[in-house]
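S.K.: Following is a predicted model, sequence given first.
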Amino acid sequence: MIKMDRILSLRRADDCIAELRRIGVTSHGIESMYEKSHCLAIKLKDIKLGAANIIKQDMLSIGGDAAVSRGVVNGKVERSDVIILGNLKMIHLLIKKLSFQDIFEIPQIITRLQKLLEIEEKKLPYTFKAGDQTLTLNRTHIMGVLNVTPDSFYDGGKYNSFDAAMRQIEKMVNEGADIIDIGGESTRPFSEKVNVQEELERVLPIISKAIQRFDVPLSIDTYKAEVAKAALDEGVRMVNDISGLQFDPHMAETIARYNDIAVVVMHIKGTPKDMQKDPIYDDVIEEILQYLSKSITIAEKANIPANQIIIDPGMGFGKRIVDNFEIIHKLAEFKCLDKPVLIGCSNKSFIGWILKTEKEERLEGTLGAHAYAIMQGANIIRVHEVGPHKKLAQIIDAIKNIHP
C-alpha cells in the first residue's frame with residue numbers, strides 16, 4: 001500500500017480532534033495538542049508602547065510572535081496596534097504571563113484578550129426570539145425579501161398589488177424561508193425618501209394579512225420609528241434597520257418597548273441618496289466594526305436585550321466593488337462583536353460588475369457570494385430567490401458541520 005503523506009486541512013476544532021483520534025492520541029493528548037494546532041492572528045488596537053514591547057517579548061519567549069509598529073522598537077511612538085501571532089495554547093500562556101503585570105493598561109488588555117478567546121471558543125449556537133418563536137442558528141437561516149415598492153433595484157413594482165405580494169410570501173414560505181422581510185421604501189443608491197404615511201400604506205395591509213396566514217416571523221425593513229411601531233403593533237417581531245438605529249433617534253427606544261423583538265443593525269456610509277458618491281475607506285472592516293459597535297451600544301442602552309441584536313455589514317450600502325469583496329472575504333472577523341451575522345448580496349451590482357450581467361441574471365453569482373459568506377460565518381442570508389438559496393445552505397451547512 002502506498003503511504004500518502006499530506007498537509008492536513010484543519011479548519012475547525014472538530015477537524016483537528018478527529019485526526020488526532022484517528023492515530024490513537026489519548027484524550028489528555030488531544031486536549032493539549034488541539035490548542036497547539038489552533039493558530040490565531042489577533043489584532044489589538046491602540047496599545048501603549050510599554051505594553052506592546054512586553055507582549056512582543058512574551059510571545060517570542062513562548063515560541064510565537066507579535067507584530068508592532070516600527071516606532072515601538074526605537075520608542076518613537078506612544079501607542080501602536082499589535083498583531084499577536086500564535087496558537088491557542090500560546091495565547092493562554094501570554095495571558096498568564098501578562099497577569100503578573102499591572103502597568104501600561106495591561107489588565108485591560110488581558111480582559112480584551114479573554115473576551116476574544118471566549119468568542120473564538122464559543123460552542124453553543126446563537127439564538128434569538130421573534131415573538132413566541134425561538135430561532136436557533138445551528139444552521140443557516142434564510143430571510144426572504146419582499147419589497148412592496150415601485151422602485152426597488154431588483155423587484156421594484158413586481159409586488160405592489162396585494163395579491164401579488166401575498167403570492168410571493170406564500171412562495172417564499174413554501175420554499176423554506178425562515179423569516180420574511182417586508183419593505184415599503186426603496187433604499188437603492190440615489191433613491192429618494194418616502195414619507196411615513198406612504199410607507200405605512202404600502203406595508204401594513206400586507207403585514208396584517210400575512211400575520212394571519214403564515215407562521216414564519218415577519219420583519220419590517222425600515223429606519224423610521226413610526227413605521228416600526230405600527231408594524232410591531234400589527235404583530236411583526238423583527239426590525240431590520242439599514243441605519244443601525246442611527247438615522248432615527250427614537251428607533252431603539254421604540255423597539256425596546258416590545259417583548260422578544262429581534263433587531264438587525266446594518267452599516268451604511270452616508271444615506272441611500274448619497275452613499276455611492278465616491279465612498280472611501282482607510283480600513284473598511286475596521287470602520288464597519290466601529291459603526292456596528294456604536295449601533296450595539298445604542299441598542300443596549302435602550303434596554304434591547306444583547307441576544308436580540310443581529311449585525312449586517314451592509315453590502316452595497318456605501319461600498320466600492322473592492323469593499324464588498326473584502327467584506328465577504330473577511331466576514332469571520334465580525335465574530336469579534338459576538339453577534340449573529342446577516343448578509344445580503346442578492347443580485348447586487350458588484351456581482352453584475354464581475355459577471356457583466358444585468359440584475360435578472362445574477363443568481364449564480366449571488367449563490368457563489370453567499371456560499372463563501374456562509375463558510376466565513378454568516379448565520380442569516382437575505383435573498384430574493386429563496387428556493388435555490390435554501391438548497392445551497394443545506395449543502396454548505398452539511399460540509400461545514402460534518403463530523404468524521
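M.R.: Good, I have the coordinates.
S.K.: so where's the stretch 51-200 of the chain shaky on pLDDT?
M.R.: 151-157 (pLDDT under 70).
S.K.: Test of understanding: give the bridge partners of the residue nearest to the spatial centre of the chain.
M.R.: Of all residues in the chain, the one closest to the mean position by C-alpha atoms, centre = their mean is V341, 2.4 Å from it. In this structure, V341 has the following beta-bridge partners (DSSP bridges): I311.
S.K.: can I assume it is in contact with I311?
M.R.: Yes. Judged on C-beta atoms under 8 Å, V341 makes contact with I311 at a distance of 5.8 Å. Where you see a C-beta, it was placed from the backbone N, CA and C, and this is true even at glycine.
S.K.: what is in contact with these two at once?
M.R.: Common contact partners of V341 and I311 (C-beta atoms under 8 Å, 6 or more residues apart in numbering): F334.
S.K.: From T111, how far out is the residue nearest to the centre of the chain?
M.R.: When distances are taken as C-beta to C-beta, to the nearest Å, V341 and T111 turn out to be 24 Å apart.
S.K.: three-state assignment of R382?
M.R.: The local conformation at R382, judged by DSSP: H, G, I helix; E, B strand; the rest coil, is strand.
S.K.: Tell me how many other residues crowd the residue lying closest to it once chain neighbours are set aside.
M.R.: Once flanking residues are discounted, R382 sits nearest to G344: 3.4 Å by C-beta to C-beta, 6 or more residues apart in numbering. Counted by other C-beta atoms under 10 Å, the residues lying close to G344 total 28.
S.K.: Give me the distance between G344 and V194.
M.R.: G344 sits 20 Å away from V194 when distances are taken as C-beta to C-beta.
S.K.: Then G144?
M.R.: Here the distance between G144 and V194 works out to 22 Å (C-beta to C-beta).
S.K.: higher neighbour count, these two?
M.R.: Neighbours around G144 and V194, counted as other C-beta under 10 Å, are more numerous at G144. The numbers are 28 against 21.
S.K.: these two touch, right, the more buried one and N174?
M.R.: No. Using C-beta under 8 Å, G144 makes no contact with N174, being 10.6 Å away.
S.K.: Helix, strand or coil: sort out P125 for me.
M.R.: Per three-state DSSP, the local secondary structure of P125 is coil.
S.K.: what's the answer for C336, then?
M.R.: Following three-state DSSP, the label given to C336 is helix.
S.K.: Just give me the neighbour total for it.
M.R.: Each residue near C336 was counted by other C-beta under 10 Å, and the total is 17.
S.K.: How much space separates it from L85?
M.R.: With distances taken as C-beta to C-beta, C336 is found 17 Å from L85.
S.K.: Please name the nearest non-neighbouring residue to I399.
M.R.: Counting by C-beta to C-beta, 6+ apart, M375 is the residue found nearest to I399 once chain neighbours are left out, at 8.0 Å.
S.K.: show me the residues around that neighbour that make contact.
M.R.: Under the criterion of C-beta under 8 Å, 6+ apart, the contact list for M375 reads 396, 399-400.
S.K.: how does it look with 10 Å?
M.R.: Taking C-beta atoms under 10 Å, 6 or more residues apart in numbering, we find M375 in contact with 11, 328, 331-332, 396, 399-400.
S.K.: Tell me the buried residues within the residues you listed.
M.R.: For the contacts of M375, a neighbour count by 16 or more other C-beta atoms under 10 Å gives the buried set as 328, 331, 396.
S.K.: The second one contacts A371, correct?
M.R.: No. Under the contact definition of C-beta atoms under 10 Å, L331 does not touch A371, with a separation of 12.0 Å.
S.K.: tell me, what's touching those two both at once?
M.R.: Jointly contacting L331 and A371 under the rule C-beta under 10 Å, 6+ apart are A378.
S.K.: Residue ranges of each domain in this structure, please.
M.R.: For the chain, the domain assignment from automatic domain parsing gives the residue ranges 38-120, 127-400.
S.K.: how far does the longest one sit from the chain's center?
M.R.: Domain 127-400 sits 11 Å away from the centroid of its parent chain (C-alpha atoms, centre = their mean, to the nearest Å).
S.K.: same thing with the first one?
M.R.: Mean C-alpha position of domain 38-120 versus that of the full chain (C-alpha atoms, centre = their mean) differs by 26 Å.
S.K.: Now do the end-to-end distance for it.
M.R.: End-to-end distance for domain 38-120: 10 Å, by C-alpha to C-alpha, to the nearest Å.
S.K.: Please point out which parts of whatever helix or strand E118 lives in sit buried.
M.R.: Here E118 is covered by helix 106-120, with elements defined by DSSP states H and E. Neighbour counts over helix 106-120 (16+ other C-beta under 10 Å) mark 106, 109-110, 112-113, 116-117 as buried.
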